[in-house]
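# build me a model from this:
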Amino acid sequence: MPDTNGNESVEKGGRTIYDGRVAALETRTAAVETDVAVIQASFATKDDILRLRSDLLASDERILTLLHEHKMQMLSAMAQLREDSSIAQFKLREEFSAALTKQREEFSAALAKQREDFHDALAKTHHDFYTFLTNQAWKLYGFASLVVGGVYFIARYVH
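I've put the predicted structure just below:
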C-alpha cells in the first residue's frame, strides 16, 4: 500500500529469493487443493487422495531441501569471502610493514648523512673562526706595537 508520498511500503521493499519460492509453494498448494476438491467432487477413491497428499508432502520436502541447500551455499560463499578478505588483509599488512621498514631505513640513512654533513660544516666553521681570530690577534698585536712604538718615539724624541 503506497504511503502519503506515493512510495511503496516497507513490507514490499524487503522481498527476498525465499518469497518467490514461498509464492510458488502457495501456488502449488492451491493447485493440489483444487485437484483434491475436483477428486472429492468426482467421487475419488481414498488411494487417490492419499497419493495426492503424499505428492504434496514430497513437494514440500523438495522445497525445504532446496531452501536448506541454498542456505548452505550462501554460508559457504560467505565463509570463502571472509577467508579471502583475511588473506588480503594479511598481505596488505605485510606490504605496509615492509614499506614502513624501508621508509624508516631511508630516513635513518638520510638523518645520518645530514648529521655527518652538519659535523663537517661545524668543523669547517670552527677552523675558519679560529683562523679569523688568529688574524685579528696578529692585527691587534701589530697595531698595539705601532701605538707603543709611536708613544715611545713621541716620549723620547719630541719632548
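# mind listing the helices for this protein?
10-13, 17-41, 46-153 (DSSP state H).
# by mean pLDDT, show me the worst of the ones you listed.
Among these, helix 10-13 has the lowest mean pLDDT, at a mean of 48.
# on that earlier part again, out of the helices of the chain, deepest packed?
Each of these was assessed for mean neighbour count using mean count of other C-beta atoms under 10 Å. The highest is helix 17-41, with a mean of 12. Backbone N, C-alpha and C define where each C-beta goes, glycine included.
# packing partners for it?
In terms of contacts (3 or more C-beta pairs under 8 Å, 6 or more residues apart in numbering; DSSP states H and E), helix 17-41 is packed against helix 46-153.
# by contact count, what packs against the helix it packs on?
helix 17-41.
# residues in contact with the residue nearest to residue 28 when sequence neighbours are not counted?
In this structure, residue 28 finds its nearest non-sequential neighbour in residue 59, 5.7 Å apart by C-beta to C-beta, 6 or more residues apart in numbering. Applying C-beta atoms under 8 Å, 6 or more residues apart in numbering to residue 59 gives the contacts 25, 28, 32.
# can you rerun that using 10 Å?
24-25, 28-29, 32 (C-beta atoms under 10 Å, 6 or more residues apart in numbering).
# pick the one among those residues closest to residue 99.
Residue 99 has its nearest neighbour among the contacts of residue 59 in residue 24, at 54.3 Å by C-beta to C-beta.
# follow-up on the earlier one: distance check, the residue nearest to residue 28 against residue 68.
Taking C-beta to C-beta, to the nearest Å as the measure, residue 59 falls 15 Å from residue 68.
# now swap in residue 136 and tell me
99 Å.
# also residue 114?
68 Å.
# now swap in residue 33 and tell me
According to C-beta to C-beta, residue 33 and residue 68 sit 25 Å apart.
# cool, and residue 23?
In terms of C-beta to C-beta, residue 23 sits 19 Å off from residue 68.
# next: residue 58.
Where residue 68 is concerned, residue 58 sits at a distance of 15 Å (C-beta to C-beta).
# same question for residue 34.
For residue 34, the distance to residue 68 (C-beta to C-beta) stands at 28 Å.
# any idea how far stretch 113-120 is from the chain center?
Mean-position distance between stretch 113-120 and its chain equals 39 Å (C-alpha atoms, centre = their mean, to the nearest Å).
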